[in-house]
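K.L.:
My questions are about this predicted structure, shown below with the sequence.
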Protein chains: 2
Amino acid sequence: MKPFIETSSFRRLQELSRHPFDLPSGLTPERIATMAISGVGFQLLYGTERVTPEVLDALFALAGERDVLGQMVQMQSGAILNRSEGRAVLHTAMRDQFDARQTAPMAQEIAEKAGRELQKLETFLDRVEGKYTDLVQIGIGGSDLGPRALAIALQAFHRPGHRVHFISNVDPDDVHGVLAGLDLKKTLVVVVSKSGSTLETLTNEQLVRARFIKAGLDPKHHFIAVTGEKSPMDDPEKYLASFYMWDCVGGRYSATSMVGGVVLGFALGFHGFREILRGAHAMDRHALTPDNLPLTSALLGIWNRNFLHYPTVAIIPYSQALLRFPAHLQQLDMESNGKHVDLGGVSCPFSTGPVVWGEPGTNGQHSFYQLIHQGTDVVPLEFIGFCKSQYGSDLEVEHTTSQEKLLSNLFAQSIALAVGQNNENPNKVFLGNRPNRILLSERLDPFTMGALLSFYEHKVAFQGFIWGINSFDQEGVQLGKVLATKILKQFSGPRLREAAPPFPLAESYLKFLED
Amino acid sequence: MKPFIETSSFRRLQELSRHPFDLPSGLTPERIATMAISGVGFQLLYGTERVTPEVLDALFALAGERDVLGQMVQMQSGAILNRSEGRAVLHTAMRDQFDARQTAPMAQEIAEKAGRELQKLETFLDRVEGKYTDLVQIGIGGSDLGPRALAIALQAFHRPGHRVHFISNVDPDDVHGVLAGLDLKKTLVVVVSKSGSTLETLTNEQLVRARFIKAGLDPKHHFIAVTGEKSPMDDPEKYLASFYMWDCVGGRYSATSMVGGVVLGFALGFHGFREILRGAHAMDRHALTPDNLPLTSALLGIWNRNFLHYPTVAIIPYSQALLRFPAHLQQLDMESNGKHVDLGGVSCPFSTGPVVWGEPGTNGQHSFYQLIHQGTDVVPLEFIGFCKSQYGSDLEVEHTTSQEKLLSNLFAQSIALAVGQNNENPNKVFLGNRPNRILLSERLDPFTMGALLSFYEHKVAFQGFIWGINSFDQEGVQLGKVLATKILKQFSGPRLREAAPPFPLAESYLKFLED
């Protein structure tokens, strides 16, 4: 297989990018109606991207040259796609618990293991039902952002009397803020670390254990471990229950493993968590078909990144429930594809993963949209919208509901960004040609949430396949850990606590460099 | 005054940018010790930026050529710096309530008006003390992000029995989620809109009023208005109390006006809010002095943006309390400086405001730092750190406290990003030269929070002064509003609620284009 920039499609796309489609002059209803694709209850509308049918043909030809569907089949079958670490990449096996299962032995083995953990979870949730009102998850990175984003997104579906909370930061104020006001007698604590050695998580576990002991409670009746089999945390003496995760499921891809399972199962009930898995599985199967949604979105992203050279992507859900979903996607995308060498270890002579960021609409319209409409840089947008609200509690004000106002704003922004506006007053000129696309679904529920999660996992994987990078390792987080340990040794306890400007901390920081 | 790119400093900086300082070979303890500036209890460490003494000289010469200190004096005196709207820019007058007051008549007049609102607030808070347990602020954009970020940041200082909540999005699920579980009898609602006509805010106000009426409560005893004098919302018949704001205080600069005052005064007590003002005022005064902190930070940002050509900035507080502060800064910076024309209406032949984004550390280290360390693009970082925690509740684990771990990580990342690492394994190569700076203070309290807020307001203003753009209008948010109103008319009520794929919504969207 030829590297990305040596494919004939790459050259073709470079030629086409000299004259990208002009949206202000060319956006028509026919274009929007034609440039759409549906699947798994979603519709992707991309007529407001700067693409022509020729560009789309070349993008799908690129996907063919890079055999991305073949690589997706390999991934879901359990091939060693995380080559630097010699691991399979099988987050899809976590939800391969329904119809049309994978038949490759590795995929089957992991799906069976995941199935056993699901059974353990169902039994466990039954056993603790009614005994606990609150659950606190301690984890960081992938053990935090995905499960937290989903718990917030599905608040409307939480069972009464089942509140969930998250502690992630080693900042001691995080622990204090979360524990304040909890009845520890009725609180479960889930500690999540695959290696069983994450600094922040183990430190926070000790802080929280100390609180339980101070309250006269035995942590053994409250603490649950989610960890790798035989990790230092896999210790039945210390935990009420243990659930397992595996090396073939990366942290940022782990929301559908027990990393998300325990906390989401507690909040939504076992059936609710299973609905998330069912949605994710449906999108996993869809991602194996030609011209699927995540592939289409991935290719449009490649066009914007490598041919129109836009350095960032804003993901804007028109849904307050998805408040923290962009933070999850920021991790998923930037940790997966923020790489400067290809699978052969050769420095990439092209741009890989963009900076991904975002906040919900309509809020953003009153904030950073100013720059998106009229700044000197172009920011491509990915909108997410739903036809119906979650609670169904709405009111007509001046003949339209809030949900209608929300969607009208989404559509209006999509068009305004694309077509712009001329005006005699230069302050009121909008240049347009701000590329964007809309992913629409009916309602944000557990099934839809699972499908949306999987949509982005596969979008990111497809882009990694095209670039020929390893989207499944994260060497970039290692150096900081090593340095932090060295600096930590320089702190003698009392020095910090007596700090005042000019801070002795800074001295410690300076001395480090002398080593 | 010469435009930015016609200054002699611009040409000098362009020459210097051909060989930016190499951090991997040149970072020393002496450099870090020298490249630091202190003020208002803060220390700015910038030895890990790619600057030399020559670059700094040229940057400060640029500040001189653009007379940015003169413009700051003008701004704080009440000159018409928001020229497109013919308005003064006087958010600093909101906190000009202490020593060393401005003497210009316009600044004095607005400071006196602000002082009267503060007195009203103090009286009002006394009057309602003990009667209400919860306060819900309804506002969007500047009426939401700043006050919300500060309320979260100062959670440790909230008075018991004074909870605050925010509703912003027109998404009806936002209202429902926030009101669930509140005792409306003991709830105050603050509705914030300068114009008294913000679609989202008025819609949400009606939704919430309907809930009060349904619960048998008279909204008149619960609703407070924060609005412009004589706006449609300035109606004593409808509100328990009204507080005023003025055209010379832009939404994104309004956290220290009554927009933040009512909600933060309720949460922290009047004295707590006044401490925020005192901190902001101290930084306002500092910003008038040569070589001040916000100016230094602004100039380093200009270097990264216009001479090293980095399109984004990540703001990373090593403080969980500052969780939502980057979202406020995203608005503040991108809405202020995301402009493509200068004050004369001429298209800018240089880059203005960057994309600003961020999440707290250490969390980010387990997420998007992969791209920052090893991606193909360079992302400059602005770190914020504190020597002490807010609650002072901490524990030594393996001989260091959590706060020490937090700060060790901050310093380690700063150094790792600057110096990088060589390795035989290309996956473990870190190129370094990732510019970053650290803003340090002792502890995040109301005074410090006020100073930090003002630091960023002035950093943004100084950059706008250098570029010669209007940082105080926001024409870019208008076009979307107009289009949304047009699309909204196309929604006939029943159509939306019966939506299913392929969504009739999309039809409505298409039809719009035919107009």
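P.N.:
Sure thing, it's come through.
K.L.:
need the strands for the stretch 301-450 of chain A, in chain order.
P.N.:
A:312-317, A:355-357, A:381-386, A:396-397, A:400-401, A:436-441 (DSSP state E, counting those that start in this stretch).
K.L.:
ok, the second one near chain B or not?
P.N.:
Yes - figure legend: strand A:355-357 in contact with chain B (Cβ under 8 Å from any Cβ of the partner chain); contacting residues A:355-357. (Each C-beta comes from the backbone N, C-alpha and C, glycine too.)
K.L.:
So which of these is the closest to chain B?
P.N.:
Closest to chain B out of the residues of strand A:355-357 next to chain B is residue A:357 (3.9 Å), distances taken as Cβ to the nearest Cβ.
K.L.:
Stretch A:448-458 - what's its average pLDDT?
P.N.:
Stretch A:448-458 shows a mean pLDDT of 98.
K.L.:
One more: stretch A:483-497?
P.N.:
Stretch A:483-497 comes out at a mean pLDDT of 61.
K.L.:
before we move on, the earlier item: export the strands of the stretch 301-450 of chain A as JSON lines, with columns for mean neighbour count and mean pLDDT.
P.N.:
Formatted as JSON lines, the strands of the stretch 301-450 of chain A follow (neighbours: other Cβ atoms under 10 Å in any protein chain shown; pLDDT from 0 to 100):
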{"stretch": "strand A:312-317", "mean neighbour count": "25", "mean pLDDT": "98"}
{"stretch": "strand A:355-357", "mean neighbour count": "26", "mean pLDDT": "98"}
{"stretch": "strand A:381-386", "mean neighbour count": "25", "mean pLDDT": "97"}
{"stretch": "strand A:396-397", "mean neighbour count": "15", "mean pLDDT": "85"}
{"stretch": "strand A:400-401", "mean neighbour count": "20", "mean pLDDT": "86"}
{"stretch": "strand A:436-441", "mean neighbour count": "25", "mean pLDDT": "96"}
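K.L.:
how about those in CSV, adding distance to residue B:393?
P.N.:
Formatted as CSV, these follow (distance: least, Cβ to Cβ, whole Å):
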stretch, distance to residue B:393
strand A:312-317, 35
strand A:355-357, 32
strand A:381-386, 39
strand A:396-397, 46
strand A:400-401, 46
strand A:436-441, 43
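K.L.:
Pull the number of nearby residues for the closest residue in space to residue A:332 that isn't next to it in sequence.
P.N.:
Spatial nearest neighbour of residue A:332, excluding adjacent residues (Cβ to Cβ, 6 or more residues apart in numbering or on different chains): residue A:252 at 4.9 Å. Residue A:252 has 28 neighbours, counted by other Cβ atoms under 10 Å in any protein chain shown.
K.L.:
pLDDT score for residue A:252?
P.N.:
At residue A:252, pLDDT is 97.
K.L.:
try residue A:412
P.N.:
pLDDT, residue A:412: 89.
K.L.:
Next, the contact list for it, please.
P.N.:
For residue A:412, the contact set (Cβ atoms under 8 Å, 6 or more residues apart in numbering or on different chains) comprises B:480-481, B:483-484, B:486-487.
K.L.:
go with 7 Å
P.N.:
Contact analysis of residue A:412 by Cβ atoms under 7 Å, 6 or more residues apart in numbering or on different chains lists B:480, B:483-484, B:487.
K.L.:
how many other residues sit next to the nearest residue to residue A:366 once chain neighbours are set aside?
P.N.:
The shortest distance from residue A:366 to any non-neighbouring residue, by Cβ to Cβ, 6+ apart, is to residue B:141 (2.7 Å). Other residues lying near residue B:141 total 28 when counted by other Cβ under 10 Å.
K.L.:
Same check on residue A:24?
P.N.:
For residue A:24, the count of nearby residues is 14 (other Cβ under 10 Å).
K.L.:
Quick one: name whatever helix or strand follows the host helix or strand of it.
P.N.:
For residue A:24, the host element (DSSP states H and E) is helix A:23-26. Using DSSP H and E, the helix or strand that follows helix A:23-26 towards the C-terminus is helix A:29-34.
K.L.:
Show me what the following helix or strand past that next one is packed against.
P.N.:
Moving toward the C-terminus from helix A:29-34, the next helix or strand (DSSP H and E) is strand A:36-39. With contacts defined as 3 or more Cβ pairs under 7 Å, 6 or more residues apart in numbering or on different chains; DSSP states H and E, the packing partners of strand A:36-39 are strand A:42-45, helix A:293-302.
K.L.:
switch the cut-off to 6 Å
P.N.:
The helices and strands touching strand A:36-39, judged by 3 or more Cβ pairs under 6 Å, 6 or more residues apart in numbering or on different chains; DSSP states H and E, number zero.
K.L.:
Could you confirm whether the helix holding residue A:24 reaches chain B?
P.N.:
No - for helix A:23-26, no contact with chain B is found by Cβ under 6 Å from any Cβ of the partner chain; the gap never falls below 11.2 Å.
K.L.:
what is the mean pLDDT for that helix?
P.N.:
95.
K.L.:
Apart from its chain neighbours, what residue comes closest to residue A:444?
P.N.:
Among residues not flanking residue A:444 along the chain, residue A:386 sits closest, at 5.2 Å (Cβ to Cβ, 6+ apart).
K.L.:
contacting residues for the residue nearest to residue A:366?
P.N.:
By Cβ atoms under 6 Å, 6 or more residues apart in numbering or on different chains, the residues touching residue B:141 are A:366-367, B:251.
K.L.:
okay if I get the residues you listed as CSV plus distance to residue B:21 and neighbour count?
P.N.:
As requested, the contacts of residue B:141 are exported to CSV (distance: Cβ to Cβ, whole Å; neighbours: other Cβ atoms under 10 Å in any protein chain shown):
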residue, distance to residue B:21, neighbour count
A:366, 39, 28
A:367, 34, 28
B:251, 38, 29
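K.L.:
sorry, back to before: which phi and psi values does the residue nearest to residue A:366 adopt?
P.N.:
phi 60, psi -120 (degrees, to the nearest 10).
K.L.:
What separation is there between it and residue A:342?
P.N.:
Using Cβ to Cβ, to the nearest Å, one gets 43 Å for the distance from residue B:141 to residue A:342.
K.L.:
Ok, residue A:45 next?
P.N.:
Where residue A:342 is concerned, residue A:45 sits at a distance of 33 Å (Cβ to Cβ).
K.L.:
higher neighbour count, the two?
P.N.:
Using other Cβ under 10 Å as the criterion, residue A:45 and residue A:342 rank with residue A:45 on top: 25 against 19.
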